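Peer 1: Here is a sequence together with a model predicted from it:
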There are 2 protein chains.
Amino acid sequence: MREVVVIGCGMTRFGELWEKSLRDIFVEAALKAMDDAGVDHIDSMYVGSMTPGIFVGQEHIGCIMADYLGISPVPAVRVESACASGGLAFRQGFIEVASGMSDIVLVGGVEKMTDSSDAIYGLAAAADREYEAYNGVTFPGLYAMIARAHMHRYGTAREQLALVAVKNHKNGSLNPNAQFQKEITVDTVLNATLVADPLTLMDCSPISDGAACAVLCPLELAKNYTDTPVRIVGSGVATDTIALHQREDITRLNAVVKSSEAAFKMAGLTPDKVDLAEVHDCFTIAEICVTEDLGFVEKGKGGKFVEEGKTALDGELPVNTSGGLKSKGHPVGATGIAQIVEIFEQLRGSGEKRQVKDAKIGLAQNMGGSGGSSVVHILSL
Amino acid sequence: MREVVVIGCGMTRFGELWEKSLRDIFVEAALKAMDDAGVDHIDSMYVGSMTPGIFVGQEHIGCIMADYLGISPVPAVRVESACASGGLAFRQGFIEVASGMSDIVLVGGVEKMTDSSDAIYGLAAAADREYEAYNGVTFPGLYAMIARAHMHRYGTAREQLALVAVKNHKNGSLNPNAQFQKEITVDTVLNATLVADPLTLMDCSPISDGAACAVLCPLELAKNYTDTPVRIVGSGVATDTIALHQREDITRLNAVVKSSEAAFKMAGLTPDKVDLAEVHDCFTIAEICVTEDLGFVEKGKGGKFVEEGKTALDGELPVNTSGGLKSKGHPVGATGIAQIVEIFEQLRGSGEKRQVKDAKIGLAQNMGGSGGSSVVHILSL
């Protein structure tokens, strides 16, 4: 298998993009990424999107995006793994370039959620519809159960959950592409509307529109396009039971553990070598569980990890420097690629006000459902 | 890239499977394929499904199918390219095995359409929702326009369209997995309810439930499992404009032309070397256009090709020996893999009453929308 690098990235601002449609935002991000990479053609394309069928009545996503990008008859594949669709698109592009099948591959993610009259119904399609959603439990409820179990088992404090949101909003305030660019306090979180006890509105990522893209090529071609290619050194994906009630321990996200192990094994690295990480903070408790299950901190100590500032922008392992899903926004299919965009910018030193000093190795973790799937990538200068 | 073979296949019967759910039918087909291949584990899985979100409210398809098949944490990827989703899943599995990333890969397709209260809305998600579907045109209308243009330009006769349905029903009557297992006549087609002039109900493939799976591995491992591996010698995928009105000539399916050229180039073969083909006859006119655009017969002569019996079971190029989408049924995401199942059975000599004598090379062509995407695979003993 060939070594694969990222040579360019681009994204729309995330938010309520009323004046733009699904196809518009994908094309905007794709052209930005192609311009950034300096490529004038694409050999193949992967698009991650979760449920454009439910949100805007459109499927055949590879075809329509290739068409509106003006690159037909180029092969175009849509992949889906709920909120991990973007990360999965990145992985499939990586495999195609690594295999030798294609050289210049565009990978992207896109979702238009605010046009839907019932985004909650669409999102619940990531859960087990028959055993979970039809019985009334939606994602805030599922993650609230994880939060309660984590608090019960490990003594994680309510304020520690809130601190995840506070940190991510602080980072997001420095990101011009973030949906919310303002800081909040622990009190803002604790006093917000209760959504599913103990989670308030400010523990939850928002409904968003957005798209993000990256351009991949084999290492040997990278010098034609850039002096700062970013290598993909590890890739892992894993699944778990789709329904929460089937798991032995709901505080342990097994798909995260397994996808992380696979990515670190491929990279020949250990978690302590990572300089920064973008992780799937769809709810504040998710970031805590994920940092534990990725091996950054001992199981049960994720709350303390945040509280001690270890994951802050100037901490020992900055987590979600982009603002994360919480503050940057969470257009579900686009999120996995937007994580890659942040890591790419940080590693090549264009992180602007969010720049992490001496960042050499970054990790992106993207999750589907309540942990039914997880995709991990490790990038290195 | 490594050589890749098919070592086993399995499918449900296609039809109105009221007593089974989406997950049930996928697992049924997957276990049949794994049993046929004699494998006791899977390294990775691809599932093609068009719009389970609209049809049954379920996404996260890779995860849920891996879960119910009992193979989590194995990586599982859902791919979508409208009605070409199954063919695309096959291609992605092929690339993953060829790349060296995985050895034993399960590829499948599944769709549960009869549970939906509005299957037409779901299917129309394969068209351009904003420019086609929302303005009232659905797939019978789009293919009717193609039929009228073909008749006008090439003198194709109404009866020639009907003969596609007659042939495919005859083949389907010999297939125990077909939704419709009875023969029809030209009069049956001409006198059926008009759906979109000139197409009657009997020119249209049905609404179906069903699943189909295949197991892939590298050639060097095949001898551990079977004496009759079937090699994947060509793979091609291409896109076209999603909307019909954007095309220069609506009788020419450019994605079929391009995907076919790519597959034949990879295989080092020409269309005259093919012994049998499964092609995407979602409507009778589609089979005529596709046999032309694959290069089996001169453009405009597809109607005559059928009329002269060239594509019959005992003709020079048997087409849709399985019964095709028309008679076997068309659970959209499953169709592309079901085509592979038929080619695989024929090449290893287990085609039973439909067996094509001395079949050595088979082609499968799977299409999305009104030709917005097409996937072609060439299999060889």
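Peer 2: Alright, I've got the coordinates.
Peer 1: Going along the chain, name the strands of chain A.
Peer 2: When assigned using DSSP state E, the strands of chain A occupy the ranges A:4-11, A:44-48, A:76-80, A:105-112, A:194-196, A:199-200, A:209-218, A:230-239, A:276-278, A:361-368, A:373-380.
Peer 1: Go ahead and confirm A:Ile232 touches A:Met1.
Peer 2: No - using C-beta atoms under 8 Å, A:Ile232 makes no contact with A:Met1, being 11.0 Å away. Every residue, glycine included, has its C-beta placed from N, CA and C.
Peer 1: Burial check on the residue of chain A at minimum distance from chain B, number of neighbours?
Peer 2: Of the residues in chain A, the one nearest chain B is A:Ser99, at a distance of 3.3 Å by C-beta to the nearest C-beta. A count of neighbours around A:Ser99, defined by other C-beta atoms under 10 Å in any protein chain shown, yields 21.
Peer 1: For it, which non-adjacent residue is spatially closest?
Peer 2: The spatially closest residue to A:Ser99, leaving aside those adjacent along the chain, is B:Ser99, at 3.3 Å (C-beta to C-beta, 6 or more residues apart in numbering or on different chains).
Peer 1: Same list (the strands of chain A) but as a markdown table, adding distance to chain B, mean neighbour count and mean pLDDT.
Peer 2: Formatted as a markdown table, the entries for these read as follows, by distance: least, C-beta to the nearest C-beta, whole Å; neighbours: other C-beta atoms under 10 Å in any protein chain shown; pLDDT from 0 to 100:
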| stretch | distance to chain B | mean neighbour count | mean pLDDT |
| --- | --- | --- | --- |
| strand A:4-11 | 11 | 25 | 98 |
| strand A:44-48 | 9 | 31 | 98 |
| strand A:76-80 | 5 | 31 | 98 |
| strand A:105-112 | 11 | 32 | 98 |
| strand A:194-196 | 20 | 18 | 98 |
| strand A:199-200 | 21 | 24 | 98 |
| strand A:209-218 | 12 | 30 | 98 |
| strand A:230-239 | 4 | 25 | 98 |
| strand A:276-278 | 20 | 27 | 98 |
| strand A:361-368 | 6 | 29 | 98 |
| strand A:373-380 | 5 | 29 | 98 |
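Peer 1: Now render the ones you listed as TSV, adding distance to B:Ala211.
Peer 2: Conversion of these to TSV gives the following (distance: least, C-beta to C-beta, whole Å):
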stretch	distance to B:Ala211
strand A:4-11	33
strand A:44-48	24
strand A:76-80	17
strand A:105-112	27
strand A:194-196	35
strand A:199-200	37
strand A:209-218	32
strand A:230-239	18
strand A:276-278	36
strand A:361-368	21
strand A:373-380	20
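Peer 1: Looking at those strands, spot the one closest to B:His330.
Peer 2: Evaluated over these, closeness to B:His330 peaks at strand A:76-80, with 19.8 Å, by C-beta to C-beta.
Peer 1: Show the contacting residues for the residue nearest the centre of chain A.
Peer 2: Geometric centre of chain A, nearest residue: A:Gly336, 3.2 Å, by C-alpha atoms, centre = their mean. When contacts are counted by C-beta atoms under 8 Å, 6 or more residues apart in numbering or on different chains, A:Gly336 is found next to A:48, A:83-90, A:109, A:364, A:366, A:375.
Peer 1: Setting aside sequence-adjacent positions, which residue approaches it most closely?
Peer 2: Nearest residue to A:Gly336, sequence neighbours excluded (C-beta to C-beta, 6+ apart): A:Gly86, at 2.7 Å.
Peer 1: Same question for A:Val107.
Peer 2: Going by C-beta to C-beta, 6+ apart, A:Val107 has A:Gly93 as its nearest residue, at 3.8 Å.
Peer 1: So that neighbour is in contact with A:Leu216, correct?
Peer 2: Yes - counting by C-beta under 8 Å, A:Gly93 does reach A:Leu216; the two are 5.1 Å apart.
Peer 1: Touching both of those two, which residues are there?
Peer 2: The contact sets of A:Gly93 and A:Leu216 overlap at A:Val105, A:Leu106, A:Val107 (C-beta under 8 Å, 6+ apart).
Peer 1: correct me, but the last one touches A:Ala212?
Peer 2: No - checked against C-beta under 8 Å, the pair A:Val107 and A:Ala212 is beyond contact range at 9.4 Å.
Peer 1: Now for the two: what residues contact both?
Peer 2: In terms of C-beta under 8 Å, 6+ apart, A:Val107 and A:Ala212 are both contacted by the residues A:Ile337.
Peer 1: rewinding a little: pick out whichever of the shared contacts of A:Gly93 and A:Leu216 sits closest to A:Gly295.
Peer 2: Closest approach between the shared contacts of A:Gly93 and A:Leu216 and A:Gly295, by C-beta to C-beta: A:Val107, at 25.8 Å.
Peer 1: for the closest one, which residues make a bridge with it?
Peer 2: A:Val107 forms beta bridges with A:Tyr46, A:Ala214, as assigned by DSSP bridges.
Peer 1: what's the answer for the one 5 residues further on, then?
Peer 2: Here A:Lys112 sits in beta bridges with A:Asp209, going by DSSP bridges.
Peer 1: residues contacting it?
Peer 2: Neighbouring residues of A:Lys112 by C-beta under 8 Å, 6+ apart: A:Leu17, A:Ser21, A:Leu22, A:Ile25, A:Pro52, A:Phe55, A:Val56, A:Asp209, A:Pro331.
Peer 1: go with 7 Å
Peer 2: For A:Lys112, the contact set (C-beta atoms under 7 Å, 6 or more residues apart in numbering or on different chains) comprises A:Ser21, A:Leu22, A:Ile25, A:Phe55, A:Val56, A:Asp209.
Peer 1: now swap in A:Ser173 and tell me
Peer 2: By C-beta under 7 Å, 6+ apart, A:Ser173 lies in contact with A:Gln181, A:Lys182, A:Glu183.
Peer 1: Quick one: which of those is the most crowded by neighbours?
Peer 2: Neighbour counts for the contacts of A:Ser173 (other C-beta under 10 Å) peak at A:Gln181, which has 17 neighbours.
Peer 1: In contact with it: list those residues for me.
Peer 2: Taking C-beta under 7 Å, 6+ apart as the definition of contact, the neighbours of A:Gln181 are A:Gly172, A:Ser173, A:Asn175.
Peer 1: just A:Phe139 next, same as before
Peer 2: Taking C-beta under 7 Å, 6+ apart as the contact definition, A:Phe139 lies against A:Leu123, A:Ala127, A:Ser370.
Peer 1: Now do the same for the nearest residue to the first one once chain neighbours are set aside: its pLDDT.
Peer 2: Spatially, and ignoring its direct neighbours in sequence, A:Leu123 is nearest to A:Phe139 (6.0 Å; C-beta to C-beta, 6+ apart). Among the per-residue scores, A:Phe139 holds a pLDDT of 97.
Peer 1: and what of A:Met1?
Peer 2: Predicted confidence (pLDDT) for A:Met1: 88.
Peer 1: Quick check: the gap between the nearest residue to it once chain neighbours are set aside and A:Val376.
Peer 2: Nearest residue to A:Met1, sequence neighbours excluded (C-beta to C-beta, 6+ apart): A:Ala98, at 4.1 Å. A:Ala98 sits 16 Å away from A:Val376, going by C-beta to C-beta, to the nearest Å.
Peer 1: got it, and A:Ile242?
Peer 2: 19 Å.
Peer 1: now A:Thr200
Peer 2: With the distance defined as C-beta to C-beta, A:Thr200 ends up 29 Å from A:Val376.
Peer 1: Same check on A:Lys265?
Peer 2: Using C-beta to C-beta, one obtains 11 Å as the distance from A:Lys265 to A:Val376.
Peer 1: do the same with A:Ala125
Peer 2: As for A:Ala125, its distance to A:Val376 is 23 Å (criterion: C-beta to C-beta).
Peer 1: swap in A:Asp293?
Peer 2: Note on A:Asp293: its distance to A:Val376, by C-beta to C-beta, is 10 Å.
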